[in-house]
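Novice: generate a structure from the sequence data that follows.
(2 chains)
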Amino acid sequence: MKKSILIKINGTERHADVEPRTTLLEMVREQFNLTGAKLGCDIQVCGACTLLLDGKPVSACSVLAVDTDGCEVLTIEGLGQNNALHPLQEAFMEFGALQCGYCTSGFILTAKALLDEVPQPTDEQIRDYLAGNFCRCGCYQEIMQAIRNVTKTS
Amino acid sequence: MRNFDYLEPVTVAEACALLKQHAGEAKVFAGGSHLTILMKQGLYQPKTLINIKKISQLRGIEYDNAEGLIIGALVTHREIETSALVREKFPVLSEAEREVANIRVRNMGTVGGNLASGEPLTDLSQIFISLDGKAKISGPGGQRTIPVEELFVDFYTTSLAEDEILTHVVLPPLPPRSGIEYIRFSSSSVVDKPSAGVAVRLTLDGGAKTIQAARIVLGCVGATPVRARKAEALMSGKKLTAELAEEAGSIAAQECSPTSDLRGSEQYKRAIVRILVKRAAVKAYERATST
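Specialist: Now for the predicted structure:
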């Protein structure tokens, strides 16, 4: 039986009718057409499906949508404001911190959560926080540069 | 994932009653980091999922001077990692949590789920057992408290009855002159599950600095976390020397039953256990003598 839930997605309150087995990732991609987050490993290892749930990174592939009733969800589509990209998005482009882009929304959202918690992180803090996001194109150095650059200019 | 009924009790009593009512066909759900994977893979196909996240009594971390640190079952790994209270009372837990899985799992996964899943490849259980931690359990018949060690029966099997819920973990205050160290070793990436994790807690007597109580707990190297009781007995009544630490490591390496898998062969894991016990014992002794 479907359950009706109320969530705030990218700042807007939305209703959704979901089966208990529907994951948060399936709901945002299929019901709300927010396809920035990708399904990767499906076991909470790779980080491609990362979304921010009440400001904290989670693996949306393994969160039940019904369990997010009343929560706030931020996807990559909601990160920029007033038709401008977020500084992290700009920096990822500037430093070439992506090739195929599959992991990018996960990296940027995780980095955003880090900077909300620790505005001036050390390299070690950045590495610790992002250790669970995988980039198979191997853009790790460029990702580090991009995040460092945002912390310097903010 | 097969579909299921989804229930959200708001009290422990209600949750236990629901578990009794759906005996054998229900699973307790909290962070979901363990359960959703197994459900997606079809290994668990519960007819009913009982989400206990609305039970506020299971939240929070408190310290009671007599009882010790009381950790609610719904406390997440990340809450332990970042709690000032935990860092003050049991910094070993804050340090260990930094290395548990990744930030996303630590945000969702709970202490209760970590233990009640009976997952053998974890970190917290070894530390809790080394601290003589207790598990508080509620069922339709009331409450009971058991040593954390007695929770674990076999791979993914605990001593919790079908209608019982783990509600809290209690870590008694450390006796004076105690030192603890936890070391985990991952054979692939830092975010992988450990191939071995060893906790050593030593408590010394007043004057002579001899070891009064030793706890050596070996994790990830068997169906359940296990105490290396022979190695503990060896240390009892002695001062720690480099030779004693070495010997304790060698004995402990024979007190576990690791399986050969992608995280290392049986022989490899025994070698890791030997070294980790040695190193953790030296560090724990150092801490105990400096308090």
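
Novice: now do the contacts for the closest residue to residue B:260 other than its chain neighbours.
Specialist: Closest residue to residue B:260 in three dimensions, ignoring its sequence neighbours and counting by Cβ to Cβ, 6 or more residues apart in numbering or on different chains: residue B:266, at 4.8 Å. Backbone N, C-alpha and C define where each C-beta goes, glycine included. Applying Cβ atoms under 8 Å, 6 or more residues apart in numbering or on different chains to residue B:266 gives the contacts B:258, B:259, B:260.

Novice: surely residue B:112 touches residue B:58?
Specialist: Yes. Taking Cβ atoms under 8 Å as the contact criterion, residue B:112 and residue B:58 are neighbours in contact, 7.0 Å apart.

Novice: what's the overlap in contacts for the two?
Specialist: Counting by Cβ under 8 Å, 6+ apart, the shared contacts of residue B:112 and residue B:58 are B:52, B:72, B:73, B:74, B:167.

Novice: for the residues you listed, give me a markdown table that also has distance to residue B:240 and neighbour count.
Specialist: Converted to a markdown table, the shared contacts of residue B:112 and residue B:58 look like this (distance: Cβ to Cβ, whole Å; neighbours: other Cβ atoms under 10 Å in any protein chain shown):
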| residue | distance to residue B:240 | neighbour count |
| --- | --- | --- |
| B:52 | 43 | 28 |
| B:72 | 36 | 21 |
| B:73 | 36 | 28 |
| B:74 | 38 | 23 |
| B:167 | 37 | 22 |
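
Novice: how is chain B divided into domains?
Specialist: B:5-51, B:61-171, B:178-289 (automatic domain parsing).

Novice: before we move on, what about chain A?
Specialist: Following automatic domain parsing, one gets these domains for chain A: A:3-78, A:87-153.

Novice: next, format the ones you listed as CSV and append mean neighbour count, mean pLDDT and distance to chain B.
Specialist: Formatted as CSV, the entries for the domains of chain A read as follows, by neighbours: other Cβ atoms under 10 Å in any protein chain shown; pLDDT from 0 to 100; distance: least, Cβ to the nearest Cβ, whole Å:
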stretch, mean neighbour count, mean pLDDT, distance to chain B
domain A:3-78, 20, 98, 4
domain A:87-153, 18, 96, 2
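
Novice: reformat the ones you listed as CSV; add distance to residue B:32.
Specialist: Formatted as CSV, the entries for the domains of chain A read as follows, by distance: least, Cβ to Cβ, whole Å:
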stretch, distance to residue B:32
domain A:3-78, 6
domain A:87-153, 17
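
Novice: now the strands for chain A?
Specialist: A:3-9, A:12-18, A:50-53, A:56-59, A:72-74 (DSSP state E).

Novice: quick one: name the residues of chain B near chain A.
Specialist: Within chain B, the positions near chain A by Cβ under 8 Å from any Cβ of the partner chain are B:1-6, B:29, B:32-33, B:36-37, B:39-40, B:49, B:51, B:53, B:78, B:98, B:101-105, B:107-108, B:189-191.

Novice: filter those down to the ones in helices?
Specialist: Residues from those lying in helices, with DSSP state H as the criterion: B:36, B:37, B:39, B:40, B:78, B:103, B:104, B:105, B:107, B:108.

Novice: OK, contacts around the second one?
Specialist: With Cβ under 8 Å, 6+ apart as the criterion, the residues that contact residue B:37 are A:42, A:43, A:44, A:62.

Novice: quick one, helices of the chain?
Specialist: Since no chain was named, I'll use chain A. Under the criterion DSSP H, helices of chain A are mapped to A:24-26, A:87-94, A:104-117, A:123-130, A:140-153.

Novice: my bad, the chain I had in mind was chain B
Specialist: Taking DSSP H as the test, the helices found in chain B are B:12-21, B:35-40, B:77-82, B:84-89, B:91-97, B:103-108, B:111-116, B:124-130, B:229-235, B:242-252, B:266-289.

Novice: which neighbouring elements make contact with the first one?
Specialist: Under the contact definition 3 or more Cβ pairs under 8 Å, 6 or more residues apart in numbering or on different chains; DSSP states H and E, helix B:12-21 sits against strand B:26-29, strand B:48-51, strand B:134-139, strand B:165-171.

Novice: report the angle between the axes of that helix and strand B:165-171?
Specialist: Counting by axes from the mean of the first three to the mean of the last three Cα atoms, to 10 degrees, helix B:12-21 points 130 degrees away from the direction of strand B:165-171.

Novice: what average pLDDT does helix B:12-21 get?
Specialist: Taken as a whole, helix B:12-21 has an average pLDDT of 97.

Novice: who touches that helix?
Specialist: Residues outside helix B:12-21 that contact it (Cβ under 8 Å, 6+ apart) are B:7, B:9, B:26, B:28, B:48, B:50, B:52, B:55, B:57-58, B:138-140, B:162-165, B:167.

Novice: from the middle of its chain, how far away would it be?
Specialist: In this view, helix B:12-21 has its centroid 25 Å away from the chain centroid, taken as Cα atoms, centre = their mean, to the nearest Å.

Novice: may I see the buried residues of it?
Specialist: When neighbours are counted by 16 or more other Cβ atoms under 10 Å in any protein chain shown, the buried residues of helix B:12-21 are found to be B:12, B:14, B:15, B:16, B:18, B:19, B:20.

Novice: what do you get for the second one?
Specialist: With burial defined by 16+ other Cβ under 10 Å, the residues of helix B:35-40 counted as buried are B:35, B:36, B:37, B:38, B:39, B:40.

Novice: repeat for the fifth one
Specialist: Using 16+ other Cβ under 10 Å as the test for burial, helix B:91-97 gives B:92, B:93, B:94, B:96, B:97.
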